[in-house]
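Undergrad: Quick one: sequence and predicted model below, then my questions.
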Amino acid sequence: MTDNQLTDAFTAVHGGAPDGVWAAPGRVNLIGEHTDYNDGFVLPIALPHAARAAVRRRADDVLRLHSAQADGAVVEVTADQLRPGAVPGWARYVAGVVWALRDAGHPVGGVDVHLDSDVPTGAGLSSSAALECVVAVACNDLWDLGLGPVEVGLLAQRAENDFVGVPCGAMDQLASTCCEAGRALFLDTRTLTIRQLPVDLAAAGLRLLVIDTQVKHDLADGAYAERRSGCEKAAELLGLPALRDLDLAGLPAALDTLPDEGLRSLTRHVVTENARVEAAVEALLAGEPAALGPILTAGHASLRDDFLVSCAETDLVVAAANAAGALGARMTGGGFGGSVIALVADEDAERVAGAVSAAFAEAGYTAPRVFTALAAQGARRLA
Ligand code: GLA
């Protein structure tokens with residue numbers, strides 16, 4: 001989809017020309033899963049896959065929203081009628097951003113929008129954050145709001161939390177707005193401090209495969225909220241503002257004071273996962289990306305055995321990839337399906353992908369989609 005094709009599609013739907021064209025990417029998280037709502041650390045990279053939007057500011061406060069991925073209808077809502085729960089389907093991600101901006105006091109009005117996204121949906125690659133962020137950056141530019149990428153990302157997260165109603169942390173939206181090409185985003189979700197870390201896998205003869213299992217189990221949403229409230233409960237019982245405030249040294253004593261195994265295993269995952277992010281950062285800073293491999297696999301074991309958000313399909317990808325010579329692999333994103341990342345030597349990439357496909361065929365699963373992740377640029381204006 002070129003900028004011109006997007007502009008032509010906008011014209012076909014809305015008439016006239018857009019004011020501009022913007023893009024915001026999906027992401028994979030290298031390590032730091034289910035840490036963002038515990039004030040912890042995350043390490044995502046943006047994908048080349050992105051939501052693109054041609055947008056025109058309107059003089060009134062009507063939103064006319066169209067998506068190439070939807071059924072062709074234009075969704076029309078008035079900005080001052082926006083209420084959480086009032087807009088169904090994909091359009092809520094867009095309307096929610098306008099709602100969040102206005103609720104924060106920004107003078108955003110009506111827009112004509114045409115969207116086209118190649119971020120796979122339901123794959124744990126943040127397709128909804130990409131939609132939110134592309135609209136947020138467009139409004140920021142069109143109304144000269146002067147917001148930085150962190151503020152824009154946080155407003156997009158607010159849309160997801162309070163308009164769409166998903167209690168996610170800030171990782172996906174901040175990855176979409178803040179990532180830089182060729183870098184991993186080391187984000188402290190408490191202080192919102194960012195370090196852009198070089199991640200040059202190609203120079204090390206490595207690549208990161210993304211293996212989309214193409215399954216999304218139904219319990220994903222309820223289970224996410226449950227994990228989050230379990231973590232909050234554990235922190236409260238431990239007398240801590242968040243599980244972020246517990247480190248590896250303090251973990252054994254803290255586990256002794258928690259009343260049940262469920263809370264203990266949630267706590268163990270978050271504390272060890274934050275330590276894994278720090279270890280991964282050290283590996284990248286030392287220019288040793290191969291050292292990420294065992295960290296990924298340990299992270300997967302923790303998500304599978306302690307946090308209980310893995311599933312048969314993602315476990316099978318990790319086992320098959322590692323058995324075929326991957327340096328390490330883990331599920332990425334919220335879990336219950338979605339995608340696995342596998343770090344592989346260039347020369348092993350085909351064998352690993354083939355082994356995963358063969359294992360899926362043998363298990364009777366739908367063939368997975370495999371692609372190589374390249375760390376891409378975060379949200380930006382294209383034209
Ligand atoms: C989803 C959420 C994120 C994060 C991950 C798990 O992607 O949107 O905020 O919590 O799950 O790390």
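TA: Structure's in. What do you need? Numbers count the residues shown, from 1 in each chain.
Undergrad: pretty sure Met331 belongs to a strand, no?
TA: Yes: when classified by DSSP: H, G, I helix; E, B strand; the rest coil, Met331 is found to be part of a strand.
Undergrad: is it in a bridge, and if so with what?
TA: Val340 (DSSP bridges).
Undergrad: And it, how far from Asp260?
TA: 25 Å (C-beta to C-beta, to the nearest Å). Every residue, glycine included, has its C-beta placed from N, CA and C.
Undergrad: And these two? Which one has more around it.
TA: Neighbours per residue, other C-beta atoms under 10 Å: of Met331 and Asp260, the larger number sits with Met331, 30 against 9.
Undergrad: got a list of what that one touches?
TA: Contacts here follow C-beta atoms under 8 Å, 6 or more residues apart in numbering; on that basis Met331 touches Glu33, Gly124, His300, Leu303, Val309, Ser310, Thr314, Val317, Val318, Gly338, Ser339, Val340.
Undergrad: Could you tell me which other helices and strands the longest strand that the chain contains packs against?
TA: If you go by DSSP state E, the chain has its longest strand at strand 44-57. Applying 3 or more C-beta pairs under 8 Å, 6 or more residues apart in numbering; DSSP states H and E, we find strand 44-57 packed against helix 3-14, strand 20-29, strand 111-117, helix 127-142, helix 171-178, strand 183-188.
Undergrad: one step back: so which of the contacts of Met331 is the closest to the ligand?
TA: Nearest to the ligand, judged by C-beta to the nearest ligand atom, of those is Glu33 at 4.0 Å.
Undergrad: excluding its backbone neighbours, what's nearest that closest one?
TA: Using C-beta to C-beta, 6 or more residues apart in numbering and skipping residues adjacent in sequence, the residue nearest Glu33 is Leu303, 5.9 Å away.
Undergrad: I'd assumed Ala329 was in contact with that neighbour.
TA: No: judged on C-beta atoms under 8 Å, Leu303 makes no contact with Ala329 at a distance of 11.7 Å.
Undergrad: More neighbours: which of the two?
TA: Ala329 (29 against 23).
Undergrad: on that earlier part again, burial-wise, tell me which of the helices and strands packed on strand 44-57 comes out on top.
TA: For the helices and strands packed on strand 44-57, the largest average neighbour count (mean count of other C-beta atoms under 10 Å) is found in helix 171-178, namely a mean of 30.
Undergrad: the inter-axis angle of it versus strand 183-188?
TA: For helix 171-178 against strand 183-188, the angle by axes from the mean of the first three to the mean of the last three C-alpha atoms, to 10 degrees is 130 degrees.
Undergrad: For helix 171-178, which outside residues touch it?
TA: Identification of contacts with helix 171-178 by C-beta under 8 Å, 6+ apart yields 24-27, 29, 32, 36, 42, 44-46, 126, 128-130, 132-133, 136-137, 149-150, 152-154, 156-157, 160, 185, 187, 189, 192, 194, 378-379.
Undergrad: between that helix and strand 20-29, how big is the angle?
TA: Using the same axes, to 10 degrees: helix 171-178 against strand 20-29 is 130 degrees.
Undergrad: could you turn helix 171-178 into CSV, dropping everything but the C-alphas?
TA: The C-alpha trace of helix 171-178 is given here as CSV (Å, rounded to 0.1, in the frame of the first residue of the first chain):
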residue,chain,number,x,y,z
MET,A,171,3.7,-1.3,26.4
ASP,A,172,1.9,-1.7,23.1
GLN,A,173,1.0,2.0,22.6
LEU,A,174,4.4,3.3,23.7
ALA,A,175,6.1,0.8,21.5
SER,A,176,4.0,2.0,18.6
THR,A,177,4.8,5.7,19.2
CYS,A,178,8.3,5.6,20.6
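Undergrad: what angle do it and strand 44-57 make?
TA: Helix 171-178 and strand 44-57 are oriented at 70 degrees to each other (the same axes, to 10 degrees).
Undergrad: What distance do you get for Thr193 to Gly148?
TA: 13 Å.
Undergrad: my bad, should have said Val13
TA: For Val13, the distance to Gly148 (C-beta to C-beta) stands at 31 Å.
Undergrad: Over to Ala359?
TA: 44 Å.
Undergrad: Tell me which of the two has more neighbours.
TA: In this view Ala359 and Gly148 are compared by other C-beta under 10 Å, and Ala359 has more residues nearby, 18 against 11.
Undergrad: chain center to the one helix or strand that one maps to: distance?
TA: Here Ala359 sits within helix 349-363, counting by DSSP states H and E. Taking C-alpha atoms, centre = their mean, to the nearest Å, one finds helix 349-363 lying 25 Å from the centre of the chain it belongs to.
Undergrad: which helices and strands sit right next to it?
TA: By 3+ C-beta pairs under 8 Å, 6+ apart, helix 349-363 packs against strand 206-216, helix 312-323, strand 337-345, strand 369-373.
Undergrad: and the nearest residue to Arg92 once chain neighbours are set aside, how many residues sit next to it?
TA: Computed as C-beta to C-beta, 6+ apart, the closest residue to Arg92 that is not its neighbour in sequence is Val164, at 5.4 Å. Using other C-beta under 10 Å, Val164 has 17 other residues around it.
Undergrad: and if you look at Asp162?
TA: A count of nearby residues for Asp162, using other C-beta under 10 Å, gives 15.
Undergrad: That one and the ligand, how far apart?
TA: Distance of Asp162 to the ligand, computed by C-beta to the nearest ligand atom, to the nearest Å: 14 Å.
Undergrad: cool, Ala59 as well?
TA: Counting by C-beta to the nearest ligand atom - Ala59 and the ligand are separated by 35 Å.
Undergrad: what's the distance between that residue and Thr213?
TA: 46 Å.
Undergrad: Check Ala53 too.
TA: 28 Å.
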